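Colleague: Return a 3D structure for these sequence lines:
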Amino acid sequence: MAAQRITHRYRLETCLAESNIDRPPVALWRHFPVDDQYPQELAAAHLGFQKLYDFDFVKVTPASSFAIKDWGADDEWRGTIEGTRDYTKRVVHEPEDWLKLPVLDPRNGHLAKQLECLQLIIKELGSETPVIQTIFNPLSQAKNLVGGENLMVHLRRFPEAIHAGLKTIAKSTQLFIEAAQQTGIAGIFYAVQHARYDMLSTKEYDEFGRYYD
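Modeller: Prediction:
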């Protein structure tokens, strides 16, 4: 019987199955500031990075704002080496603003552009190199909608309002993930930012984080 050809997907799946493999799967990722504002440029940046290093999977790293720009948020890159962006426009200012967030349609706006980016990457790489999409959890998206310090104020003073917002964010995230699955992604990288004792108690994270995760 001929030996199984070692592709990136085979190496990763064999490792996850705890079977013997030639080497552990390896992957690294980075942000691509400026390129991350356009689907074609972001796809080309990831493909160039993968061509250079030939990692065992590709983690797609859009700017965090990709998930919330369709609610009206805005940001800009100011030269940080890590590629992080500063928010220049928040969406939530008063507690009642959480109630005004509509459920987003992933087929429109910036979410649709991210789906286009995934399609371009997967079309080029084919099925033998797994691609995973970064997903920011609802509480992380809420932070970017209102600002970090204001998130804690709203969470503790206006819990009913922020629960309403988190419910909408979670539904929008679910719809985006379902649409992303249709592009052929192998999975998601789920980014959680508030599961820390210096930010929230266990009870608070269970209520405002884990529940929506």
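Colleague: Can you get me a residue count around R78?
Modeller: The local packing count at R78 equals 10, with neighbours defined by other C-beta atoms under 10 Å. (Each C-beta comes from the backbone N, C-alpha and C, glycine too.)
Colleague: ok, now A180?
Modeller: Residue neighbour count, defined by other C-beta under 10 Å, stands at 23 for A180.
Colleague: ok, it - contacts?
Modeller: For A180, the set of contacting residues under the criterion of C-beta atoms under 8 Å, 6 or more residues apart in numbering consists of 106, 114-115, 118, 133, 188.
Colleague: Now H163: which helix or strand?
Modeller: Taking DSSP states H and E as the criterion, H163 maps to helix 159-181.
Colleague: just how off-centre is that helix within its chain?
Modeller: With C-alpha atoms, centre = their mean, to the nearest Å as the basis, the distance from the averaged C-alpha position of helix 159-181 to the chain average is 13 Å.
Colleague: Now it: buried residues?
Modeller: If you call a residue buried by 16 or more other C-beta atoms under 10 Å, then helix 159-181 has these buried ones: 161-162, 164-170, 172-173, 175-177, 179-180.
Colleague: any idea which helix or strand comes after it?
Modeller: Sequence-wise, the next helix or strand downstream of helix 159-181 (DSSP H and E) is strand 187-191.
Colleague: Quickly run through the sheet partners of that following strand, with directions.
Modeller: Looking at strand 187-191 with DSSP bridges, its partner strands are strand 131-136 (parallel).
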